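Asks: next comes the sequence, and after it the predicted model I'd like to discuss.
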Amino acid sequence: MSNIPTELKYAKSHEWVKLQADGTVVIGITDHAQNALGDLVFVETPKVGRKLAAGESCAVVESVKAASDVYAPIAGEVTDANAALANSPEILNTDPYEAGWMWKQTVTNPGELEVLLDAAGYEKVIAAL
Amino acid sequence: MLNKTALHSAHQQLGARLVDFAGWEMPIQYTSQLDEHHAVRQSAGMFDVTHMLAIDLHGTRVREFLRRLLANDVAKLGLPGKALYSCMLREDAGIIDDLIVYFLREDWFRLVVNAGTADKDLAWICQQAQDFGVEVQPRRDLGILAVQGPQARAAVLKHLPAGLAAQAQALVVFQAAHEGELFVGRTGYTGEDGFELILPQAELVALWQKLLADGVKPAGLGARDTLRLEAGMNLYGQDMDESKHPLESGLGWTVAWEPAERDFIGRGALEALRGKSAHKFVALVLEGRGVVRAHMKVRYANGAVGETTSGGFSPTMKASIAMARVESGAEGAVEVEIRGAWVPARVVKPPFVRNGKILV
């Protein structure tokens, strides 16, 4: 069974979003996503300063099997990226919600946060796959 | 409805992720493809490869038949049990399949062919065999277990009957021994030492459980693919198929040109291509970041182009490696197009990894 923390928001494309006290967000891929991808061997995160549109492909995760795009769940500007993933992509497999975070960004349009899924909604998405 | 091997429920019990592979429901991985890969390089892993087909050939003219059927020459097989890797070609030199042939007795040879090509192989072999009075016997009753890694042979020997164990222990690389229907070949598809066991499907589960209890790690087809790629071994259907000939597939070394009078199927077409092939086959190590996959574009400094046929991440080298078919005149710096960006690579002589050691 996939781990789906209730305090996070989710996109149908299998990213999670964590709202921080300062109004920015942290983004990563879900436990379900890392499990489906298999052992990750290469991760490319977006550059700091890049302006992202909602739904834009902005990162790549490659497993032993295949490459997958990661999409910005909401619009914003990248403020930080997880440099540890370059040398240790396996962190995404072992700790997708904490050490395996991918990037941090601002929130251009707070309304976009409202349309993200909650844990129960995301659970329904993966149950339907 | 997918075919299942006798080990199907054993795979399920181990939590394997099962996929359709050439019409067979087979484990792609159990827990971690990387762990399974490393287990084979460092200790021992086992693969259910029962989807592959053993074909027994009987008759007084079997050797003569195989010298016609195969591009490599079974005349090289002098000692009973010795094995040979070969392509089986069409008249136009397109590769029907690659296979291993074992010489067991003068009137009995055994082929092991790929799962995805088994039916067409059988039809082709039966058609060709008619003129030689050779009996073609597909052995779907048999299962195949590949136990590979530096500790694989020791793990298997413990569980063989004493007589066969002594014979198996003495085997050289590419040689097999058998006792009744239990067959042990010192062959594999990983670049490590080990055995491939061919035995009645009814006995597969018991042997699997014994090896499992001894710590041999079950490994899936995912690890098998990264292991064979590191070993620089071709995968049929990916690196070559009926539209490709051995000389443009890195398999020229498997074609036995001598003696010149041996008229194997495809020889005429291949002779015409000798030294004139429009393409060559190269092995690449990516120097920049990223992962090379199959069907990516390759370009050389002199303008020559090509395409990767296999590619992936090498768990042993912690770098991306690939095989590619490129224009024969290709020279100079090489780049691979990964997701729109040209990334530098270097050409190396395969294998990339053999017996646990990085060679490039």
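Replies: Cool, the structure landed. Remember, predicted model here, so these are calculated numbers, not experimental data. Numbers count the residues shown, from 1 in each chain, chains lettered A, B, ... in the order given.

Asks: only C-alpha atoms from now on, for both contacts and neighbour counts.
Replies: Fine.

Asks: can you give me the helices in the chain?
Replies: In the absence of a named chain, chain A is used. Assigned by DSSP state H, chain A shows helices spanning A:31-37, A:84-87, A:91-94, A:111-114, A:119-127.

Asks: ah, I was thinking of chain B
Replies: Using DSSP H, helices in chain B cover B:8-13, B:33-42, B:62-69, B:118-129, B:152-157, B:162-169, B:201-213, B:221-230, B:267-273.

Asks: picking that back up, dump the helices of chain A to CSV, plus mean neighbour count.
Replies: Below are these laid out as CSV (neighbours: other Cα atoms under 10 Å in any protein chain shown):
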stretch, mean neighbour count
helix A:31-37, 18
helix A:84-87, 15
helix A:91-94, 21
helix A:111-114, 13
helix A:119-127, 15
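
Asks: looking at these, which is nearest to B:M317?
Replies: helix A:84-87 (13.5 Å; Cα to Cα).

Asks: ok, how many other residues are close to the residue nearest to B:V173 when sequence neighbours are not counted?
Replies: In space, and not counting its chain neighbours, B:V173 is closest to B:R186: 5.3 Å by Cα to Cα, 6 or more residues apart in numbering or on different chains. Neighbourhood size, B:R186 [other Cα atoms under 10 Å in any protein chain shown]: 26.

Asks: surely B:R186 meets B:F174?
Replies: Yes. Between B:R186 and B:F174 there is a contact under Cα atoms under 8 Å: 5.4 Å.

Asks: what's the closest residue to B:G185 other than its chain neighbours in contact with, if anything?
Replies: Nearest residue to B:G185, sequence neighbours excluded (Cα to Cα, 6+ apart): B:A176, at 3.8 Å. Contact analysis of B:A176 by Cα atoms under 8 Å, 6 or more residues apart in numbering or on different chains lists B:G81, B:K82, B:A83, B:Y102, B:A168, B:F183, B:V184, B:G185, B:R186.

Asks: nearest to chain A, of those?
Replies: B:R186 (27.9 Å; Cα to the nearest Cα).

Asks: of the contacts of B:A176, which belong to strands?
Replies: Mapping the contacts of B:A176 onto strands (DSSP state E) picks out B:A83, B:Y102, B:F183, B:V184, B:G185.

Asks: how many residues are close by the residue nearest to the fourth one when sequence neighbours are not counted?
Replies: Which is B:V184. The spatially closest residue to B:V184, leaving aside those adjacent along the chain, is B:L197, at 4.7 Å (Cα to Cα, 6+ apart). When neighbours are defined as other Cα under 10 Å, B:L197 has 25 of them.

Asks: mind listing the residues bridging to B:L197?
Replies: Counting by DSSP bridges, B:L197 is bridged to B:L145, B:V184.

Asks: just flag the most distant two among the ones in strands among the contacts of B:A176.
Replies: Most distant of the ones in strands among the contacts of B:A176, by Cα to Cα, are B:A83 and B:F183, 12.8 Å apart.

Asks: where does pLDDT dip in chain A?
Replies: A:1 (pLDDT under 70).

Asks: what parts of it come near chain B?
Replies: Residues of chain A lying close to chain B by Cα under 8 Å from any Cα of the partner chain are A:G38, A:D39, A:V41, A:F42, A:E62, A:V64, A:K65, A:A66.

Asks: among those, which are in strands?
Replies: Per DSSP E, the residues of chain A next to chain B map to strands at A:V41, A:F42, A:E62.

Asks: need the residues you listed in JSON lines (columns: neighbour count).
Replies: Converted to JSON lines, these look like this (neighbours: other Cα under 10 Å):
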{"residue": "A:V41", "neighbour count": "31"}
{"residue": "A:F42", "neighbour count": "24"}
{"residue": "A:E62", "neighbour count": "22"}
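
Asks: and the residue nearest the centre of chain A, how far is that from chain B?
Replies: Nearest residue to the geometric centre of chain A (Cα atoms, centre = their mean): A:G28, 2.4 Å. For A:G28, the distance to chain B (Cα to the nearest Cα, to the nearest Å) stands at 19 Å.

Asks: for that residue, give the beta-bridge partners.
Replies: A:W16.

Asks: that one and A:V61: what is the separation?
Replies: 11 Å (Cα to Cα, to the nearest Å).

Asks: kind regards, and thank you for your time.
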